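Visitor: using only what follows, build the 3D model:
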Amino acid sequence: MQPELFETGSGGFVWKNIALDDIFSHLQLHVYTAQDMRIGQEWQGSQFANHYDRVYFVKEGSGALHFKDFTLQLKPMHLYLIPPYQLISHQADSNIHFYWAHFQCRVDRAIDLFMLYGHPAEINCGTFQNIERDFLSLVSLADNTKPSAMLERNRLLLSLIYPFMRLFEEEGSNINKIKHQNLLRSLQLISSNIANPPTLKALASAANMTPEHFSRKFKAAFNVSPKRYILHKRIATAKQQLLLNSAPLKQIAENCGFYDIFHFSRSFKKETGYSPTEFKQHYNLDKTT
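Guide: Here you go, the predicted model:
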């Protein structure tokens, strides 16, 4: 609901309200985790399909982040932004000390700002003196569930992504010209129908494209096929339900759009390396509280 353009107060004072922004007035921020890590060449991985954003700050050491068409070299005193579904692989050259956080910055229930705006980027932190301090504070608050800590985590997260927003503005990006607008309805259709995933034809129709054209556009935009994106959203939902409630597997499978337990278990293990039961046991939250 938009506020009134003008309002009046005591003594005849009149002011103009700031209008709601279609993007930033509706942002939903959440820090999944924040870590201070020292690790060697064993830090390597590939074949990612992550729905969350990442931000890294390298204190010491070096490595590389590999994307579809380019590579970012990890360097000391540099900050890195990695949007969802963009990272292909990473590695450390030797020992590396860095801070990292996984987070969401949603403009819709399941659509991330950095899927639609900006790109993977790095920033030399020589002119941002408080980055390490803010990251240390974020790490220290990672397990704090107080409302004040949740607000502070979001404040610190904003301080870490703010330099990238300035960078994108300097590059000439216009937040009012969101990328991939013709795919937004399809993304919303997916996010609101996890239990009954839409067909490729339905997604293409929402974008006013043929299925073939839609598949190409979607993969080019988000570095993941529509089918894989839908599967990842279903598996992500299943992970949460396995960890946070005691519903039977059959019910969780149905909630996530799988027609039987066998299909659910096979797909889940292929994506995570664990069967649903093994996953629930391995990541039992009762062991960490």
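
Visitor: any weak-confidence spans in the stretch 151-289 of the chain?
Guide: 173-177, 284-289 (pLDDT under 70).

Visitor: hmm, 80 instead?
Guide: Confidence mapping of the stretch 151-289 of the chain against pLDDT under 80 gives the ranges 172-179, 245, 282-289.

Visitor: that one: strands as residue ranges?
Guide: Shown for the stretch 151-289 of the chain, no strands are assigned by DSSP state E, counting those that start in this stretch.

Visitor: can you tell me the closest non-neighbouring residue to Lys250?
Guide: Ile261 (5.6 Å; C-beta to C-beta, 6 or more residues apart in numbering). Bear in mind the C-beta positions are built from the backbone N, C-alpha and C, glycine included.

Visitor: my guess is the one you found contacts Ala253. True?
Guide: Yes: Ile261 lies in contact with Ala253 (C-beta atoms under 8 Å); the separation is 5.5 Å.

Visitor: now do the contacts for the residue nearest to Lys250.
Guide: 249-250, 253 (C-beta atoms under 8 Å, 6 or more residues apart in numbering).

Visitor: kindly report the same for Leu138.
Guide: 31, 34, 99, 101, 153, 156-157, 160.

Visitor: ok, the residue nearest to Lys250 to Ser186 distance?
Guide: Computed with C-beta to C-beta, to the nearest Å, the distance linking Ile261 and Ser186 is 29 Å.

Visitor: what of Pro147?
Guide: From Pro147 across to Ser186, the span is 36 Å (C-beta to C-beta).

Visitor: neighbour-wise, which of those two wins?
Guide: Neighbour count, other C-beta atoms under 10 Å: between Pro147 and Ser186, Ser186 has more, with 24 against 8.

Visitor: lovely, talk soon.
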